[in-house]
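**Q** just the structure for this:
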Amino acid sequence: MDIKRAKEEIKNAISAYLLKDEYGEYVIPSVRQRPIFLIGAPGIGKTQIMEQIAKECGLGIVSYTITHHTRQSAIGLPFISKHVYGEKEYSVTEYTMSEIVASVYDKIEKTGLKEGILFVDEINCVSETLAPAMLQFLQYKSFGNHQIPEGWIIVTAGNPPEYNKSVREFDVVTMDRVKKIEVQPEFSVWKEYAYKSNIHGAVISYLIAKPSYFYQMEMTVDGMLFSTPRGWEDLSNMLYAYEKQEKEADWEVVVQYIQYPKIAKDFANYLELYHKYRTDYRMDEVLEGTIDERVKKKLNHASFDERLSIVSLLLAKLTEQFRQTYRREGETEVLFKCLKRYKSNLEFGEDAVSCLEEVKEKMIETLEYKKKAELLNREEKYSFSRTIQKLESYIMVLKTENLYDKEEGFEKVRSLFAKEKEIYEKLEEASGKMLEYAFDFMEIMFGTSQEMVAFVTELNANYYSAQFLQEYSCERYYQYNKNVLFEEREQNLLKRIERL
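**A** Numbers count the residues shown, from 1 in each chain. Below you'll find the model as predicted:
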């Protein structure tokens, strides 16, 4: 299955494992909660989805790569203790707590989250001496004499043997104790993630044109050649950093991440053209409603690949606008909730300023809790911080204008919020105009050709454009989208007929 479906399956399993009955006991006892064994090629995002799942489910997470451990660190070090049996004292070997089990307890103490995920990577690459401990771990959820705390779910991951010489094939006894999920790389699924995660436009557009290069793994006389989702994402981050420093990423930079020279060279050439097209075709002007005659002439003589690259550039610009609109909408909604809490506080509070300060302190408290529990991604942290800064500015206005009266203070804050809402509405309106100008450009330059199909298809796949189009009514989008869906159904029907 693809990584998206695997993520869904893991979340479903976690939900089932953490389900409790009316007595507060887990419906599926811990001993019957099979550890999840996620197996798939390297670099497809197995570790990353576990971090996402933990945040989305509000769970703690402890991650370990088991190949970094010896038998001693996994099950603990031996020590001699005294025990009395049958009125006679004996020296007995015991073990200190496993480093891994101790880390789970440390995480509980640090975050306050009593339920979580213990993620153990490269589980099928353990050494000969550690293999028995792994079987005990998978069967009894313990290392040595120390149990994994109840409420902590075990998820393991590994690579198939063709990708790692150190892989040990699990026997039937072991495999019959795990919930096995096989994962395959799938570009269409990764593309959804790429749009949402702001992967560089050049990477997305290149892989749309050449999806077979998304994931490649080949053994040659010169060693393993590969391109992976992890490599593309890390390259994307570096491309953004280079652009901010006004540096150029050439083939020698690309091949550091995409370690398949043929693909790296091809992408480096494409990247050079991508930057050239961005300058030549003036997408900023297009999205302001201006189409230069020179752009028309140039595009009329362009190759199909070049034309698709222009569509991608247009989509990249729109995506950034939609992303800003989405963020502003979210922040406006949070501010509105703060305003409602503020109004509620005024009913029992002393004055307008102290009531708003109470709202701000509650936001800070929530932020600190979520940070401590490691439940926030970077964007969510920024969103909290921006909201708190906005509340601080409102408090400063109330103090400066000496508006301690509850009614006057509330009216002032409400007027300040109205300005924030107005900014969002103007941003939404600007985004709508950009989309309409984009359709103007697409119709003038491409009509109803394959380029228009690609444009509408990517609007559907893009998380931020999909969110925007749920609120904004664009007649041309609906019309072209209907045509695209009709063509897809027709093609699927023809394929089914051919198979008869």
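**Q** if I pick the residue lying farthest from the centre of the chain, what's in contact with it?
**A** Farthest-out residue of the chain from its mean C-alpha position, per CA atoms, centre = their mean: residue 87, at 60.6 Å. Listed by CB atoms under 8 Å, 6 or more residues apart in numbering, residue 87 has no contact partners. Quick note: C-beta positions are derived from backbone N, CA and C, even for glycine.
**Q** mind checking pLDDT for it?
**A** At residue 87, the pLDDT value in this model is 81.
**Q** how far away is it from residue 81?
**A** Computed with CB to CB, to the nearest Å, the distance linking residue 87 and residue 81 is 18 Å.
**Q** and what of residue 475?
**A** 79 Å.
**Q** swap in residue 231?
**A** 50 Å.
**Q** between the two, which is the more surrounded one?
**A** Applying other CB atoms under 10 Å to residue 231 and residue 81 shows that residue 231 carries more neighbours, namely 20 against 9.
**Q** helix/strand/coil for that one?
**A** helix (DSSP: H, G, I helix; E, B strand; the rest coil).
**Q** the residue nearest to residue 47 when sequence neighbours are not counted - how many residues pack around it?
**A** With CB to CB, 6 or more residues apart in numbering as the criterion, residue 47 has its nearest non-adjacent residue at 6.3 Å, and that residue is residue 121. A total of 20 residues lie near residue 121 under the criterion other CB under 10 Å.
**Q** what residue, apart from its backbone neighbours, is nearest residue 230 spatially?
**A** Residue 230's closest residue in space is residue 43 (CB to CB, 6+ apart), at 4.0 Å.
**Q** thought the one you found was touching residue 231?
**A** Yes - counting by CB atoms under 8 Å, residue 43 does reach residue 231; the two are 6.3 Å apart.
**Q** give the contact list for residue 290.
**A** If a contact means CB under 8 Å, 6+ apart, then residue 290 has no contacts.
**Q** what do you get for residue 255?
**A** By CB under 8 Å, 6+ apart, residue 255 lies in contact with 261, 264, 265, 268.
**Q** distance check, it against residue 265.
**A** Noted for residue 255: a distance of 8 Å to residue 265, by CB to CB.
**Q** repeat for residue 187
**A** Per CB to CB, residue 187 is found 20 Å from residue 265.
**Q** for residue 20, same thing?
**A** Distance from residue 20 to residue 265, counting by CB to CB: 56 Å.
**Q** ok, now residue 442?
**A** Plainly put, residue 442 is 31 Å away from residue 265 if you go by CB to CB.
**Q** neighbour-wise, which of those two wins?
**A** The neighbour comparison of residue 442 against residue 265 (other CB under 10 Å) goes to residue 442, with 23 against 15.
**Q** nearest residue to residue 298 in space, please, no chain neighbours.
**A** Residue nearest to residue 298 in three dimensions, not counting chain neighbours: residue 280, with 6.6 Å by CB to CB, 6+ apart.
**Q** what's the answer for residue 358, then?
**A** Counting by CB to CB, 6+ apart, residue 358 lies nearest to residue 345, which is 5.5 Å off, once chain neighbours are set aside.
**Q** what's the answer for residue 336, then?
**A** Using CB to CB, 6+ apart, the closest residue to residue 336 is residue 417 (7.0 Å).
**Q** and that neighbour, how many residues sit next to it?
**A** Neighbour count for residue 417, taken as other CB under 10 Å: 18.
**Q** three-state assignment of it?
**A** Three-state assignment for residue 417 (three-state DSSP): helix.
**Q** name the element the residue nearest to residue 358 belongs to?
**A** Per DSSP states H and E, residue 345 falls inside helix 304-346.
**Q** now do residue 58 against residue 218, distance only.
**A** Between residue 58 and residue 218 the computed distance is 41 Å (CB to CB).
**Q** span of stretch 30-46 from start to end?
**A** Stretch 30-46 stretches 24 Å from its first residue to its last (CA to CA, to the nearest Å).
**Q** and it, how far from the chain's centre?
**A** Averaging C-alpha positions (CA atoms, centre = their mean, to the nearest Å) puts stretch 30-46 18 Å from its chain's average.
**Q** buried ones in it?
**A** For stretch 30-46, burial by neighbour count (16 or more other CB atoms under 10 Å) applies to 30, 33-46.
**Q** which of those fall in helices?
**A** residue 46 (DSSP state H).
**Q** ok, which pair from the buried residues of stretch 30-46 is furthest apart?
**A** The span of those, defined through CB to CB, is set by 30 and 43 at 32.4 Å.
**Q** find me the pLDDT at the residue nearest to residue 298, would you?
**A** Per-residue pLDDT puts residue 280 at 83.
**Q** count of residues packed around it?
**A** When counting by other CB under 10 Å, one arrives at 17 neighbours for residue 280.
**Q** for it, what are phi and psi?
**A** The phi and psi torsions at residue 280 (degrees, to the nearest 10) take the values phi -70, psi -40.
**Q** wait, it sits on residue 302?
**A** No - counting by CB under 8 Å, residue 280 stays clear of residue 302, with 9.9 Å between them.
**Q** spatially nearest residue to residue 327 (excluding sequence neighbours)?
**A** Excluding its sequence neighbours, the residue lying closest to residue 327 (CB to CB, 6+ apart) is residue 383, at 7.1 Å.
**Q** please point out which parts of the helix or strand where that neighbour lies sit buried.
**A** Following DSSP H and E, one finds residue 383 within helix 378-400. For helix 378-400, the neighbour count (16+ other CB under 10 Å) marks 383, 384, 387, 388, 390, 391, 394, 395, 397, 398 as buried.
**Q** so which elements touch that helix?
**A** Applying 3 or more CB pairs under 8 Å, 6 or more residues apart in numbering; DSSP states H and E, one finds that helix 378-400 contacts helix 304-346, helix 352-372, helix 406-446.
**Q** looking at those helices, which is buried most?
**A** The highest average neighbour count among the helices and strands packed on helix 378-400, using mean count of other CB atoms under 10 Å, belongs to helix 304-346 at a mean of 19.
**Q** that helix versus helix 352-372: what angle between them?
**A** When axes from the mean of the first three to the mean of the last three CA atoms, to 10 degrees is applied, the directions of helix 304-346 and helix 352-372 differ by 130 degrees.
**Q** was I right about residue 462 contacting residue 321?
**A** No - applying CB under 8 Å, one finds residue 462 not in contact with residue 321, separated by 11.5 Å.
**Q** what about the closest residue to residue 185 other than its chain neighbours, how many neighbours?
**A** Leaving aside its chain neighbours, residue 185 sits nearest to residue 215 (3.9 Å; criterion: CB to CB, 6+ apart). Counted with other CB under 10 Å, residues neighbouring residue 215 total 21.
**Q** how about stretch 49-63: buried residues?
**A** Of all the residues in stretch 49-63, those buried under the rule 16+ other CB under 10 Å are 49, 50, 51, 53, 54, 55, 57, 59, 60, 61, 62, 63.
**Q** now, which of those lie within strands?
**A** Within those, residues falling in strands by DSSP state E are 60, 61, 62, 63.
**Q** what bridges to the first one?
**A** On the basis of DSSP bridges, residue 60 takes part in beta bridges with residue 116.
**Q** per-residue pLDDT of it, please?
**A** Model confidence at residue 60, given as pLDDT, is 90.
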